[in-house]
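Asks: model this:
(2 chains)
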Number of protein chains: 2
Amino acid sequence: MHVDAIVEDLLDRQDEIMRELFNFLRMPSVSTDPAFCQGMRRAQEFLLDWLNRMGLSEVQLLDGGGHPAVFGAWNGASGKPTVLIYGHYDVMPPDPIEAWVTPPFEPTIRDGRIYARGASDVKGSTVIALATVAAFLSLRGSCPVNIKIFLEGEEESGSPSLRNIVLQHKELLQAEAMISADGGRASAHFPTINVGCRGLGELEFSIHTADKDLHSGRYGGTVRNAIHEMARIIASLHDERGAIAIPVLMAGVPPLSEEERLQIAMLPFNEAEFLREVGAQGFGETGYSVREQLTLRPALDVNGIWGGYVGPGSKTIIPNTAHAKLSLRIPPGQDPHQALEAVKAHLRNVCSPLGVRLSIIDPNTGTPAFSLRKTHPLVVAAKKVLLQTAKLEPVLVRLGATVPITTIFHELLGVQTLMFGFNLPDEDVHAPNEFFYVKSLAEGLTSWPRLLEELGKFDLEQFRQMAIEAAPPQSPHGDTSHG
Amino acid sequence: MHVDAIVEDLLDRQDEIMRELFNFLRMPSVSTDPAFCQGMRRAQEFLLDWLNRMGLSEVQLLDGGGHPAVFGAWNGASGKPTVLIYGHYDVMPPDPIEAWVTPPFEPTIRDGRIYARGASDVKGSTVIALATVAAFLSLRGSCPVNIKIFLEGEEESGSPSLRNIVLQHKELLQAEAMISADGGRASAHFPTINVGCRGLGELEFSIHTADKDLHSGRYGGTVRNAIHEMARIIASLHDERGAIAIPVLMAGVPPLSEEERLQIAMLPFNEAEFLREVGAQGFGETGYSVREQLTLRPALDVNGIWGGYVGPGSKTIIPNTAHAKLSLRIPPGQDPHQALEAVKAHLRNVCSPLGVRLSIIDPNTGTPAFSLRKTHPLVVAAKKVLLQTAKLEPVLVRLGATVPITTIFHELLGVQTLMFGFNLPDEDVHAPNEFFYVKSLAEGLTSWPRLLEELGKFDLEQFRQMAIEAAPPQSPHGDTSHG
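Replies: Got it, this is the predicted structure:
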């Protein structure tokens, strides 16, 4: 059966696929908060059932000590490459819940958009990938390439046990390449191929200035206030223009090459509209375009702060402790360990002369940025598919966000990843009223079967040879961990 | 019956009085949070019942639109001055509740201390005052002076309706002077008389940097982060030493006189121990002793801050909004309105060039500081009582905290207030594990009857004359409101 017929069948069955997506979206699979463990279990069972029904083998949960990944394989394409398909079934917390127009776990269509937590990130694109494989197997009885589906449960938690899972199941996961449903499109108007993303490091820290909260009448004016000190610490992280003010951190950021700047300039991008859409102003490091700032420069953001009395009314205390969570987006070529150490050293350097007690909670070691060369067969195949479906030459772009799996799978299994998600940049991911465009479902269901078909035109040896020639770009992290 | 016998009776019945105090402490009368309205009602009923039982007349709730005050009078001392006795039945919120060793509304004695929210501030001292009046009436059948008991329900909320209540009941509340159970002792070792307190202004403000929270991968490095901007704003309030860095505010603070500095120096005070006890370091404006900083200089404290994601785990957002509550302690001679306007102007001046949207919630106009002259009959009587009970010349001191009623009653009724609470400075008021020393109960029950007896030795005209001669100190607030 021709791939066009597969696509046609998928488009005919959009309502049915949408119902599956809605079922999936109703499951509150928040991985960052133990209160949602029931939602995580329901999502796992839903996926295990679907993979079994579509006829995959070795369907199972892969446990690495945290939330397990869901796995299933189809190994019937002898002499063809094996493609890992990545997605994740966990979602961000829905907070602030009162800001949602409709409840985050009751998917609702309004104005051609599916509103629900996880609709964009990344249940929508995951369902496109799964429906594609199911359609090949049910209509043709086979896939163009060997398939290994790997659906993570901890992507929104920084993937703490992903390394464990991959290391424990290295044989099971062996593949020639990976296609990720995570990592979406840069534009609704121009076809783009994601060839990289920024890395990510996170940490939480607390400061203490006294043994307890103090009465502001009895102590006010004579002791340090933890919120004042926290404010000074946070204010010290950036200069007035918003550029990161940690010289050791910035010394580890490679300068932009001319080729990188040219590639970025190829994507039509309206900076003013990008900011106006979210009611924000232009800000940040000078000397870079917005897309350069977003994809090739680091970003250090305090994601949350709390301290003192935050209930109704007032409470005239001098808080003795304050807390903050922060995250660092890491550009290609920067070592995440070195970058996070620079942040921690900065925090210590600021606190120490003040006599402020600092404690740092450092949940993981960070994920470096990822880059995919344009001569890789994944890119070659994706270009061909997008030129055919969109009738325009696709532009190679990088993501400002982080898909840590790209680096982990490259490091541990030697596979490169093509990000082929169908979400769009304005879909309020990680925020209230996240949505996924209804029409993206059809666009994804048109392109995914063609991409698998295109990859099936390579035989195994040819694919391997091309992948080796598109040697992975140097990564300080990869260098050290491979010795 | 001699006052010594009244005192002896009170000391004999300490267990019974303690039981009444415990009943009172079990009522969660938090005025700042509507969730506690039931606790507020229980406390009102408890007090109304007690005032009725002890034989007061005109027992009633005085309503000014918020939480009502509890009132009762005894008018049998013809030709003697009338003394208002002030206390408050509301308490601070118990947060953070998990920091309490025993529950905040289950009073518990440990190591000679009564632990409970409100034990120190100010149910303990209020019960001493009420038990004193009850003992006079039951044993002697009369009080040495006319008594008007006024127990406020909004002291911890900044007394929003107190002016209304006093204005609506000016006749009922008419008196020659006031004794407050609020405003405690400065030292457990030396007798002190409170002759003043700092004023208080409060406000809450929020900033907005975008229409919604943004994904830190998709926007990080190109937009303002509300927490970063809030940090800059808070950091701008003080210099590195902790001195307030708002010149217009500081210009309204009168310089210290030599007499004020000498009076403060008379109180033995161990600065190092004061700070060591709470695990804090010396900090703040240079050139002033700790007690000068605490009583005659302003203090600006952020009491609470919140913004972004503060739940378990992480959420890589760029928060679009951040919030803070702040309070300002106002020294004698400074106009609270001018001081709060200076803070608000500073916030606007900092936010405006940044393009950060600022909104200020300004719950009240602030309370000026209060001062009582040493020739006032209240001070003369208190000195005599304390010299007799403590065998040491009492030291005149000022409070760093705020007792807004002192100013309100002076302005509206022309009465001066003696603060005669028996709480001590280390009792963790407004913080977890607030307590009241068990032995303070006996000390209060020894001194309060003697103070009323001493005031009864003045006849009405003599008392009025002395009060007029001890002319109230100039207050910019009083000046303007009296034209």
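Asks: quick check: domain ranges of chain A?
Replies: By the assignment in automatic domain parsing, chain A contains the domains A:3-197+A:369-481, A:199-260+A:292-361.
Asks: What is the end-to-end distance of the last one?
Replies: This means domain A:199-260+A:292-361. Counting by Cα to Cα, to the nearest Å, you get 19 Å between the two ends of domain A:199-260+A:292-361.
Asks: Would you mind listing what in the stretch 351-483 of chain A touches chain B?
Replies: A:355, A:363, A:399-402, A:425, A:428-433 (Cβ under 8 Å from any Cβ of the partner chain). All C-beta atoms are positioned from the backbone trio N, CA, C, and that covers glycine.
Asks: From residue A:156, how far off is the residue of the stretch 1-150 of chain A found nearest chain B?
Replies: For the stretch 1-150 of chain A and chain B, the shortest gap (Cβ to the nearest Cβ) falls at residue A:32, measuring 3.1 Å. Counting by Cβ to Cβ, to the nearest Å, the separation of residue A:32 from residue A:156 is 6 Å.
Asks: Which one's more surrounded, the two?
Replies: Each of residue A:32 and residue A:156 has its neighbours counted (other Cβ atoms under 10 Å in any protein chain shown); residue A:156 has more, 25 against 20.
Asks: show me the contacts for that one.
Replies: Shown in contact with residue A:156 (Cβ atoms under 8 Å, 6 or more residues apart in numbering or on different chains): A:30-32, A:88, A:90-92, A:121, B:315.
Asks: do residue A:420 as well
Replies: So residue A:420 contacts A:125, A:179-181, A:183, A:194, A:382, A:447-448, A:451 (Cβ under 8 Å, 6+ apart).
Asks: looking at the residues of the stretch 351-483 of chain A next to chain B, which has the most residues close by?
Replies: That'd be residue A:402 among those, by other Cβ under 10 Å, with 31 neighbours.
Asks: quick one on the thing from earlier: correct me if wrong: the residue of the stretch 1-150 of chain A closest to chain B contacts residue A:157.
Replies: Yes. Residue A:32 lies in contact with residue A:157 (Cβ atoms under 8 Å); the separation is 5.0 Å.
Asks: tell me, what's touching those two both at once?
Replies: In contact with both residue A:32 and residue A:157: B:313-314, using Cβ under 8 Å, 6+ apart.
Asks: so where do the strands sit in the stretch 301-450 of chain A?
Replies: A:317-318, A:321-330, A:357-361, A:370-371, A:395-399, A:416-419, A:435-437 (DSSP state E, counting those that start in this stretch).
Asks: what about the first one, average pLDDT?
Replies: In other words, strand A:317-318. In this model, strand A:317-318 has a mean pLDDT of 96.
Asks: one step back: which of the contacts of residue A:156 lies closest to residue A:58?
Replies: residue A:88 (19.4 Å; Cβ to Cβ).
Asks: show me the contacts for the closest one.
Replies: A:122, A:126, A:151-156, A:182 are the contacts of residue A:88 under Cβ under 8 Å, 6+ apart.
Asks: one more time with 6 Å
Replies: A:122, A:152, A:155 (Cβ atoms under 6 Å, 6 or more residues apart in numbering or on different chains).
Asks: again, but for residue A:242
Replies: A:283-284.
Asks: Based on its surroundings, how many neighbours for the nearest residue to residue A:354 once chain neighbours are set aside?
Replies: The shortest distance from residue A:354 to any residue other than its chain neighbours is 6.1 Å, reached at residue A:229 (Cβ to Cβ, 6 or more residues apart in numbering or on different chains). Residue A:229 has 27 neighbouring residues, counting by other Cβ under 10 Å.
Asks: tell me the pLDDT at the closest residue in space to residue A:456 that isn't next to it in sequence?
Replies: Once flanking residues are discounted, residue A:456 sits nearest to residue A:144: 2.6 Å by Cβ to Cβ, 6+ apart. Residue A:144 is assigned 98 on the pLDDT scale.
Asks: Residue A:144 and residue A:74: what is the separation?
Replies: Taking Cβ to Cβ, one finds residue A:144 at 11 Å from residue A:74.
Asks: got it, and residue A:214?
Replies: For residue A:214, the distance to residue A:74 - Cβ to Cβ - is 65 Å.
Asks: more crowded one of these two?
Replies: More crowded of residue A:214 and residue A:74, by other Cβ under 10 Å: residue A:214, with 27 against 22.
Asks: which residues sit in contact with that one?
Replies: Neighbouring residues of residue A:214 by Cβ under 6 Å, 6+ apart: A:318, B:278.
Asks: Name the residues linked to it by a beta bridge.
Replies: residue A:318 (DSSP bridges).
Asks: Just the pLDDT for it.
Replies: Residue A:214 is given a pLDDT of 94.
Asks: same question, residue A:153
Replies: The model's pLDDT for residue A:153 equals 97.
Asks: Quick one, grab the pLDDT at the residue in the stretch 101-250 of chain A positioned nearest to chain B.
Replies: Chain B sits closest to residue A:217 of the stretch 101-250 of chain A, with a gap of 2.6 Å, by Cβ to the nearest Cβ. For residue A:217, the model assigns a pLDDT of 90.
Asks: Am I right that it sits in a helix?
Replies: Yes. Assigned with DSSP: H, G, I helix; E, B strand; the rest coil, residue A:217 falls within a helix.
Asks: Next, find the distance separating the residue nearest to it when sequence neighbours are not counted from residue B:429.
Replies: Closest residue in space to residue A:217, ignoring its immediate chain neighbours: residue B:401 at 2.6 Å, by Cβ to Cβ, 6+ apart. Distance of residue B:401 to residue B:429, given as Cβ to Cβ: 8 Å.
Asks: just residue A:373 next, same as before
Replies: 66 Å.
Asks: for residue A:82, same thing?
Replies: 68 Å.
Asks: thinking again about what came up before, quick one: which of the contacts of residue A:88 has the most company?
Replies: residue A:122 (32 neighbours).
Asks: measure that one to residue A:179 for me?
Replies: Counting by Cβ to Cβ - residue A:122 and residue A:179 are separated by 13 Å.
Asks: Who are the contact partners of the most far-flung residue of chain A relative to its centre?
Replies: No residue in chain A sits farther from the centre than residue A:218, which is 48.6 Å out by Cα atoms, centre = their mean. Residues near residue A:218 by Cβ under 6 Å, 6+ apart: B:400-401, B:425.
Asks: Quick check: of those, which lies closest to chain A?
Replies: If you rank the contacts of residue A:218 by distance to chain A using Cβ to the nearest Cβ, residue B:401 comes first, at 2.6 Å.
Asks: Provide the strand pairings for the helix or strand hosting residue A:85, with the direction of each partner.
Replies: Using DSSP states H and E, residue A:85 sits in strand A:82-88. On the basis of DSSP bridges, the sheet neighbours of strand A:82-88 come out as strand A:146-152 (parallel), strand A:177-180 (parallel).
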